[in-house]
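**Q** I'd like to go over a predicted model; first the sequence, then the structure.
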Amino acid sequence: MSTTSICAFVALAVAVASTVAHTQPQIQIFNGEVVQTGPPGRPLKTGTGRIRGRVISAETGALIRRAQVRLSANDVGAKAAMTDSQGRYEFADLPEGRFTITASKSGYVSVQYGQIRPSESGRPIELADKQVIDKADILMPRGSVISGRIVDEFGDAVTDAMVTALRQSWVNGRRRLVPSGRIAQTNDLGQFRLYGLPPGDYYVGATLRNPEGIMVEMVAGNAVSGSVSAAPSSGYASTYFPGTVTPSDAQKISVSPGQEVQGTDFALLAVRFVRISGVVLNTEGKPVEGTMVTVAAPRGAEGAFALMPGSTARTNKDGAFTLNNVAPGDYTLQVRSMTVRTMPVGDSMSFTTRVEETGGAEFASVPVSVGGEDLSNVVITTTRGASATGRVTFEGNRPPSATSVRIIPAAADVDSIGPPGLGGTTTKADGTFELKGLSGARLLRVAGLPPGWGVKSVQVNGSDVTDSGIDFKGTETFSGIEIVVAAPASVISGSVTQSDGAAVKDYTAIVFAEDPQKWTLPSTRWVSGVRPDQEGRFRIQAMPPGNYYAIAVEYAAQGEWGDPELLDRLKSKATRFVLGEVESKVLDLRISDR
């Protein structure tokens, strides 16, 4: 198995990815084609509609051959196509619906249909029943490049360092450094090349973590394998250009369209590694054998630090573990059950993992601070967590099947590190559900609703907790939860014109509550930003009833509408309106500057 493959596997296996796996349709590869099975209990839809177009170079107007084009939508599944010798693509057998189309090719910036500017969202395509759209052309700009060299404290090349470009982005109402584009790996000369980047401002981070060593730890468990004495006593911290471990001290690198910025050379900072050792006990005080203990990134961690997993170990028959190669810092030790199976495939080895479902095993998350000395005799006691039971009720003439609905216990604090595997649960035929393994403040969100339906409220014994969530503690059980789902959901739609009345088809519409306190609620439902469809109309569904502002601006980066300072500046220019509970509000907006 190649180093790159191992890195990809590790990132997938160690990350808390089960939520994605359970909330999105399942994807399988069959005979080289992408087949998406769709949400549980809901069949995929087909029709006679078609969408076709071309992929074109934004700089030269040349047609781009062999570009990968992907289409996605609720109840349709993922479809993939490759452009032909004339740069053309086509998707057939489509039902009416709202579609997103993305194009990618090496050396170009991956973009969505209707995306013109860096970091901007694409535009959806609204397809009517039996409609054929012929000119869904996608403009792909040439990617920018950042290249350089990673060395150690002596100036010698560092091989197999993982390097990434990061950029400031709004994530759930907070500005953070997030990876952008591909992860590069240094060669034998320490050189790296980050390509396919949209123009803009970046920061570059590098981390050195032996992926083969991680895999051995995961499969065998270093506390079990007896390799503790072989662990190195020093290593390198995740470092940002021009040579700092602090993201706020990193130097910004600006790239213009198609430009290559060379000479981004810097040295990884050497640190002394320490070991963390201890024992994992269950709620009965008995040792837990074979469970995974992982050093997770600290609260609020961002950038390169979170690129690769920290040290990982499996407990032995006595519940003992040893975590090697831990750099000084503040961390969270996560304990979870993970099954790792190996199977030889030719000269390589195939790995599969399974993280236990919510409630399937006990877990723990323990904060630790690491200095210059080893930590020993750490005792971690696991818990089954709290549980919650409730029912989804439907208000409407023709309620959908409850078996396609999934209840997600989302973290109320985006920086919290809670138990892994919180993928939620699917409701039973009568709408009842049970969640297990809960800890901390959680917002109950609903996935898998058919078009036109939206969450009206989440009630616990008569109290509305839709936006505040529930604080789950210990092993207590919460009962009497009622999630009310209604149809038709509220809809806000409209068009945008210039001051002279001319139609505007390229913009971002932002709708936000009058009450500023609602702007910063966790996973707020009270703020939304959307791009118009191919006809220039915008549409937002299922926002709560209340008093709102609406404004259309020429450009807003993805998620930027979560910035409270931006919303405060925009409100004086925005249109005020009141949204009823199941109202369809049509707005005619004028394009505005920011």
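**A** Happy to help now that I have it.

**Q** Where does the record place the domain boundaries for the protein?
**A** The chain resolves into domains spanning 3-140, 144-381, 386-486, 491-592 when parsed by automatic domain parsing.

**Q** can you put the ones you listed in CSV and add mean neighbour count and mean pLDDT?
**A** (C-beta placed from N, C-alpha, C; glycine too.) Formatted as CSV, these follow (neighbours: other C-beta atoms under 10 Å; pLDDT from 0 to 100):
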stretch, mean neighbour count, mean pLDDT
domain 3-140, 17, 77
domain 144-381, 18, 79
domain 386-486, 18, 84
domain 491-592, 17, 94
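
**Q** Spell out, range by range, the strands that occur in the stretch 151-300 of the chain.
**A** 162-171, 174-185, 191-197, 200-207, 234-236, 239-240, 253-255, 260-261, 266-267, 270-272, 274-281, 292-296 (DSSP state E, counting those that start in this stretch).

**Q** Ok, which of those comes nearest Glu90?
**A** Closest of the strands of the stretch 151-300 of the chain to Glu90 is strand 191-197, at 25.0 Å (criterion: C-beta to C-beta).

**Q** What is the helix or strand hosting Arg590 packed up against?
**A** Counting by DSSP states H and E, the element that carries Arg590 is strand 584-592. Contact analysis of strand 584-592 by 3 or more C-beta pairs under 8 Å, 6 or more residues apart in numbering; DSSP states H and E lists strand 491-497, strand 546-553, strand 575-579 as its packing neighbours.

**Q** For the residue of the chain most remote from its centre, give me phi and psi.
**A** Distance from the C-alpha centroid of the chain, by C-alpha atoms, centre = their mean, peaks at Asp500 (40.9 Å). Dihedral pair for Asp500: phi -90, psi 10, per degrees, to the nearest 10.

**Q** partner residues bridging Thr164?
**A** Ile183, Gly205 (DSSP bridges).

**Q** how about it, what does it touch?
**A** Applying C-beta atoms under 8 Å, 6 or more residues apart in numbering, we find Thr164 in contact with Pro179, Ser180, Gly181, Arg182, Ile183, Ala184, Leu194, Val204, Gly205, Ala206, Ala304, Leu307.

**Q** How about Leu566?
**A** Taking C-beta under 8 Å, 6+ apart, we find Leu566 in contact with Ala556, Glu560, Arg594.

**Q** from those, which is closest to Gly290?
**A** Glu560 (45.2 Å).

**Q** what are the phi and psi values for that closest one?
**A** Per degrees, to the nearest 10, the backbone of Glu560 is at phi -70, psi -20.

**Q** And it, how close does it get to Arg175?
**A** In this view, Glu560 and Arg175 are 9 Å apart by C-beta to C-beta, to the nearest Å.

**Q** one step back: of all the helices and strands packed on strand 584-592, which one comes closest to Glu535?
**A** strand 491-497 (8.6 Å).

**Q** what's the following helix or strand after the closest one?
**A** Downstream of strand 491-497, the next assigned helix or strand under DSSP H and E is strand 503-504.

**Q** chain center to the helix or strand following that next one, what's the gap?
**A** Using DSSP H and E, the helix or strand that directly follows strand 503-504 along the chain is strand 508-513. Its chain's C-alpha centre and that of strand 508-513 lie 22 Å apart, by C-alpha atoms, centre = their mean, to the nearest Å.

**Q** Using CSV, write out the CA atom coordinates for strand 508-513.
**A** Output of strand 508-513 as CSV, limited to C-alpha atoms (Å, rounded to 0.1, in the frame of the first residue of the first chain):
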residue,chain,number,x,y,z
THR,A,508,-25.6,36.6,-3.5
ALA,A,509,-28.8,37.1,-1.6
ILE,A,510,-28.5,37.3,2.2
VAL,A,511,-31.4,37.0,4.6
PHE,A,512,-30.9,37.5,8.3
ALA,A,513,-33.0,38.1,11.4
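
**Q** Taking their axis directions, it and strand 575-579 sit at what angle?
**A** Relative orientation of strand 508-513 and strand 575-579, computed by axes from the mean of the first three to the mean of the last three C-alpha atoms, to 10 degrees: 60 degrees.

**Q** and the closest residue to Gly87 other than its chain neighbours, what is it in contact with?
**A** Leaving aside its chain neighbours, Gly87 sits nearest to Leu63 (3.0 Å; criterion: C-beta to C-beta, 6 or more residues apart in numbering). Leu63 sits next to Arg54, Val55, Ile56, Ser57, Thr83, Gln86, Gly87, Arg88 when contact means C-beta under 8 Å, 6+ apart.

**Q** Leu63 and Asp84, how far apart?
**A** 9 Å.

**Q** And for Pro328?
**A** Here the distance between Pro328 and Asp84 works out to 55 Å (C-beta to C-beta).

**Q** Please apply the same query to Asn187.
**A** Taking C-beta to C-beta, one finds Asn187 at 35 Å from Asp84.

**Q** Same question for Lys436.
**A** In this view, Lys436 and Asp84 are 50 Å apart by C-beta to C-beta.

**Q** Ramachandran angles for Ala402?
**A** Torsion angles, degrees, to the nearest 10, at Ala402: phi -70, psi -20.

**Q** Does it touch Gly431 like I think?
**A** Yes. If you go by C-beta atoms under 8 Å, Ala402 and Gly431 touch, sitting 4.2 Å apart.

**Q** residues shared between the contacts of these two?
**A** Val392, Phe394.

**Q** which residues in the stretch 1-150 of the chain form strands?
**A** According to DSSP E, counting those that start in this stretch, the strands that the stretch 1-150 of the chain contains are 26-30, 33-38, 49-57, 68-72, 79-82, 88-94, 97-104, 111-112, 125-127, 132-133, 138-140, 144-151.

**Q** before we move on, the earlier item: partners of the residue nearest to Gly87 in the sheet?
**A** Ile56.

**Q** cool, and Arg98?
**A** Under the criterion used here (DSSP bridges), Arg98 is bridged to Glu126.

**Q** Quickly list what the nearest residue to Ala489 once chain neighbours are set aside is bridged to.
**A** Excluding its sequence neighbours, the residue lying closest to Ala489 (C-beta to C-beta, 6+ apart) is Gly454, at 3.1 Å. On the basis of DSSP bridges, Gly454 is bridged to Ala486.
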